[in-house]
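A.B. asks: give me the fold of what follows.
(one chain, ligands or ions: 2)
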Amino acid sequence: MFKIVEREEMTGGTVIRNEIEAPLIARKARPGQFVILKANETGERIPLTMADTNPEKGTITIIYMVVGKSTALFRELKVGDAYQDIIGPLGAPTHLEKVGKVVCVGGGTGIAVLHPITRALKEIGNDVTCIVGARSKDILIMEDEMKNASNDLRICTDDGSYGHHGFVTDVLKEVLEKGDVKLVVAIGPVPMMKFVSKMTKEYNVKTMVSLNPIMVDGTGMCGCCRVSVGGETKFACVDGPEFDGHEVDYDELMLRLLAYREDEKRSLEESGLQL
Ligand SMILES: Cc1cc2nc3c(=O)[nH]c(=O)nc-3n(C[C@H](O)[C@H](O)[C@H](O)COP(=O)(O)OP(=O)(O)OC[C@H]3O[C@@H](n4cnc5c(N)ncnc54)[C@H](O)[C@@H]3O)c2cc1C
Ligand code: FES
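C.D. replies: Ligands and ions are numbered 1, 2, ... in the order given. Predicted coordinates for the structure are as follows:
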């Protein structure tokens, strides 16, 4: 059993942060890796990235948005309750290299996934500009953490309630125009990663994205997480989740994410849980 030692409701309860006792995972985890969690015996296996780890304390931190039955069930777990199973660390760690000027672009709960990667890129000596976006100020997460993890933080909101009024790509374009960016890391909703990658391709800047297809086993055996990258089939759980953003077939990924929408809706309704 994996006990929750700290819990925070962010953005009015739609996003939850859990710090969980998992000493073996905390000791081995690297930036970019994820875990698969199960709340109870009959629960579904849900992949979530580790937004932070504390090897001394023996804990990992996850930050998730409540979007369906399983994440609504996770929200019921309070401090002192436990997840029945957590497996990990899973996936390939982020390739970290000192390249000079790096731009990290995050949207929605992708910001939580981006946090340890941004911090690690800065720690090895890169000059990291971070551009984060949200629909509005009240649903922006981890502003202080991202400020500390980067050299320069830019904020965008779709409705103009905070920072730049518009999309992350507006600010990214400004930064790319200077011509010194060596690497872009983009993590967030699939359309955001698609448009960031389209822009960076025009500027010929290497771009890494983290993909979130539906997963089941997380160990490369079920084939559920397959994505097309550079015309080849890859399994995001073992070959990724990070890939060259210029090579990903985003439209196929979006279609595959929608494949079970009716079943997901029915499953939430039958559970009696609320979003
Ligand atoms: C490697 C990996 C890391 C992830 N890390 C995080 C994280 O740190 N924080 C976080 O909030 N989420 C993360 N996700 C997404 C998370 O796993 C899903 O939101 C979750 O499985 C939804 O389960 P559910 O039963 O609550 O919702 P469901 O009923 O399964 O789905 C409800 C809605 O969410 C959408 N959805 C379902 N699965 C996914 C998915 N994999 N990605 C995006 N949308 C999905 C569906 O299209 C549907 O609209 C990650 C996914 C992967 C593959
Ligand atoms: S989740 Fe089964 S192969 Fe990746």
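A.B. asks: isn't G163 up against T157?
C.D. replies: Yes - with contacts counted by C-beta atoms under 8 Å, G163 reaches T157, the gap being 5.8 Å. (Each C-beta comes from the backbone N, C-alpha and C, glycine too.)
A.B. asks: anything in stretch 67-87 near ligand 2?
C.D. replies: No - interface with ligand 2: stretch 67-87 contributes nothing (C-beta under 6 Å from any ligand atom), its closest point being 11.6 Å away.
A.B. asks: report the buried residues of that stretch.
C.D. replies: For stretch 67-87, a neighbour-count test (16 or more other C-beta atoms under 10 Å) marks 68-75, 77, 83, 85-87 as buried.
A.B. asks: would a markdown table of those residues with secondary structure and pLDDT be doable?
C.D. replies: Output for the buried residues of stretch 67-87, formatted as a markdown table (DSSP: H, G, I helix; E, B strand; the rest coil; pLDDT from 0 to 100):
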| residue | secondary structure | pLDDT |
| --- | --- | --- |
| G68 | coil | 92 |
| K69 | helix | 92 |
| S70 | helix | 93 |
| T71 | helix | 94 |
| A72 | helix | 94 |
| L73 | helix | 93 |
| F74 | helix | 95 |
| R75 | helix | 95 |
| L77 | coil | 95 |
| Y83 | strand | 97 |
| D85 | strand | 96 |
| I86 | strand | 97 |
| I87 | strand | 96 |
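A.B. asks: next, count neighbours for E174.
C.D. replies: Neighbour count of E174, defined by other C-beta atoms under 10 Å: 12.
A.B. asks: go on, K194?
C.D. replies: 19.
A.B. asks: wait, it sits on H246?
C.D. replies: No - counting by C-beta under 8 Å, K194 stays clear of H246, with 10.8 Å between them.
A.B. asks: ok so, going back, if we look at ligand 1, which of the buried residues of stretch 67-87 are close to it?
C.D. replies: 68-71.
A.B. asks: just these now: which is nearest ligand 1?
C.D. replies: Nearest to ligand 1, judged by C-beta to the nearest ligand atom, of these is G68 at 2.0 Å.
A.B. asks: pull stretch 248-257 out as CSV, backbone CA atoms only.
C.D. replies: What follows is stretch 248-257, C-alpha atoms only, in CSV (Å, rounded to 0.1, in the frame of the first residue of the first chain):
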residue,chain,number,x,y,z
VAL,A,248,4.8,12.8,-34.4
ASP,A,249,1.4,12.1,-36.1
TYR,A,250,-0.7,14.3,-33.8
ASP,A,251,-3.9,13.8,-35.7
GLU,A,252,-3.8,10.1,-35.2
LEU,A,253,-3.0,10.5,-31.5
MET,A,254,-6.0,12.8,-31.1
LEU,A,255,-8.3,10.3,-32.8
ARG,A,256,-7.0,7.4,-30.6
LEU,A,257,-7.5,9.5,-27.4
